[in-house]
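J.: Mind looking at a prediction? Sequence and model below.
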Amino acid sequence: MALSTARDRAARVCCIGEVMLEFAPCGGARDYRLAYGGDTYNTAVYLARKGVAVEYLTALGDDAFSDEILAELRREGVRCDNVHRSVGQQPGLYVISNDADGERAFHYWRDSSPVRALFDGPMAPPRCEVVYFSGITLAVIRRGLDHFLAMLDTLRGRGAAIVMDCNYRARQWASNAEAREIYRQVLPRCDLLFSGVDDECALWGDGEVEASHARYRAAGISEVLVRDSALVTHLFTGGDYLSVRAERTSPVDTTGAGDAFNAACLAGRLQGLDWRAAIVAAQHLAARVVQARGAVIAPSAMD
């Protein structure tokens, strides 16, 4: 079911993935600010701030940091009915570094994160109308892929829209071939896909927008958005094509920009905007996010 159909109901989104401790630069060479982040977590927070009913499906430990992450989710208005707790474990951690252009690099400590075991057994499907996850989600939970796919199939059978952000990170996979095999199993189950030319080039070996569209159309995905390096968003939906160019900014930190873009775009569509208006809103929020440090900016900085 395409997202354009899901928006006609009181849609609620379930985001699936990992939330970690985030240390972002905040001044001197050794000054960092503690916050929380993770691609689908960031999207869940921005969706909630946009007025969308959203919940987060993940696994946390039973330590003080996990308690604080859970409290932060609730403060942001994200439902936590499907947050699982693992005894004796704690969440992963990442540190952000930025180059002179604001482009970010991540340094991770996450090998023992409890979310890796999230789908080690069968998972009761959440009650939702839209499911959102990413390529990073797949990398983290891939040992439980069969249970994850079974859950997606159940949700699709109930009429839920399946939305994926390509978000490919090569170092999270044993090989490019492993990632491609898992993506090929997941893609035919998706209704809407977000991607970017950098991800396309790294995962599939090409960075041409038309090649991406052809690949995902062959997989049966009805709606595809691809962002290119010239700040143009390309939308393919059915037989229609739309391109929208964003204004160029001078970023401080690009962390979370794509996650915010996806959230604003989804929120717009679920709240009745046409595709062009939803993409423009998404570009505006992404432009706000890159002007601040860290993945999730202060609510006051969004508008």
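T.: Perfect, I can see it now. Treat the numbers as computed from the prediction; the structure is a model and nothing was measured.

J.: What segments of the chain are helices?
T.: Using DSSP state H, the helices of the chain run over residues 3-6, 39-49, 64-75, 135-141, 145-157, 176-186, 197-204, 209-218, 257-270, 275-289.

J.: wait, which of these is closest to residue 87?
T.: Nearest of the helices of the chain to residue 87, taken as CB to CB: helix 64-75 at 10.9 Å. In this view, the C-beta of every residue, glycine as well, is placed from N, C-alpha and C.

J.: So which elements touch the closest one?
T.: If you count contacts as 3 or more CB pairs under 8 Å, 6 or more residues apart in numbering; DSSP states H and E, helix 64-75 packs onto strand 32-37, strand 53-60, strand 83-85.

J.: Grab the nearest non-local neighbour of residue 197.
T.: Among residues not flanking residue 197 along the chain, residue 207 sits closest, at 4.3 Å (CB to CB, 6 or more residues apart in numbering).

J.: Now that neighbour: phi and psi?
T.: Dihedral pair for residue 207: phi -130, psi 20, per degrees, to the nearest 10.

J.: Is it correct that it is in contact with residue 199?
T.: No - counting by CB atoms under 8 Å, residue 207 does not reach residue 199; the two are 9.2 Å apart.

J.: So those two - more neighbours on which side?
T.: Comparing residue 207 with residue 199 by other CB atoms under 10 Å, the one with more neighbours is residue 199, at 21 against 17.

J.: measure the more buried one to residue 235 for me?
T.: Separation of residue 199 from residue 235 (CB to CB, to the nearest Å) stands at 16 Å.

J.: Could you do residue 193 as well?
T.: 11 Å.

J.: And for residue 277?
T.: 12 Å.

J.: For the residue nearest the centre of the chain, which non-adjacent residue is closest in space?
T.: The centroid of the chain falls nearest to residue 40 when counting by CA atoms, centre = their mean (3.7 Å). Residue nearest to residue 40 in three dimensions, not counting chain neighbours: residue 17, with 3.3 Å by CB to CB, 6+ apart.

J.: count of residues packed around the closest residue to residue 247 other than its chain neighbours?
T.: Distances taken as CB to CB, 6+ apart put residue 287 closest to residue 247, at 6.8 Å, once the chain neighbours are dropped. By other CB under 10 Å, the residues close to residue 287 number 18.

J.: Does residue 72 touch residue 36 like I think?
T.: Yes - assessed by CB under 8 Å, residue 72 is found in contact with residue 36 at 5.7 Å.

J.: neighbour-wise, which of these two wins?
T.: residue 36 (21 against 16).

J.: quick one: the more buried one and residue 96, what's the gap?
T.: 13 Å.

J.: So which of residue 193 and residue 235 has more stuff around it?
T.: Ranked by neighbour count (other CB under 10 Å), residue 193 and residue 235 place residue 193 first, with 22 against 19.

J.: about what we covered before: of the helices and strands packed on helix 64-75, which shows the lowest average pLDDT?
T.: Mean pLDDT per stretch puts strand 32-37 lowest among those, at a mean of 90.

J.: name the helices or strands packed onto that one?
T.: In terms of contacts (3+ CB pairs under 8 Å, 6+ apart), strand 32-37 is packed against strand 20-25, helix 64-75.

J.: Pull the distance from that strand to the chain's centre.
T.: Put simply, strand 32-37 sits 18 Å off its chain's centre (CA atoms, centre = their mean, to the nearest Å).

J.: repeat for stretch 34-41
T.: Distance of stretch 34-41 from the chain centroid (CA atoms, centre = their mean) equals 10 Å.

J.: end-to-end on that stretch?
T.: For stretch 34-41, the first-to-last residue distance is 16 Å (CA to CA, to the nearest Å).

J.: Next: stretch 292-303.
T.: Using CA to CA, the end-to-end distance of stretch 292-303 comes to 13 Å.

J.: Identify all contacting residues around it.
T.: Stretch 292-303 is contacted from outside by 22, 24-26, 33, 35-38, 42, 45-46, 49, 96, 252-253, 255-256, 259, 285, 288-289, 291, using CB atoms under 8 Å, 6 or more residues apart in numbering.

J.: Would you mind listing the buried residues in it?
T.: In terms of neighbour count (16 or more other CB atoms under 10 Å), stretch 292-303 has its buried residues at 292, 293, 294, 295, 296, 297, 302.

J.: No further questions, thank you.
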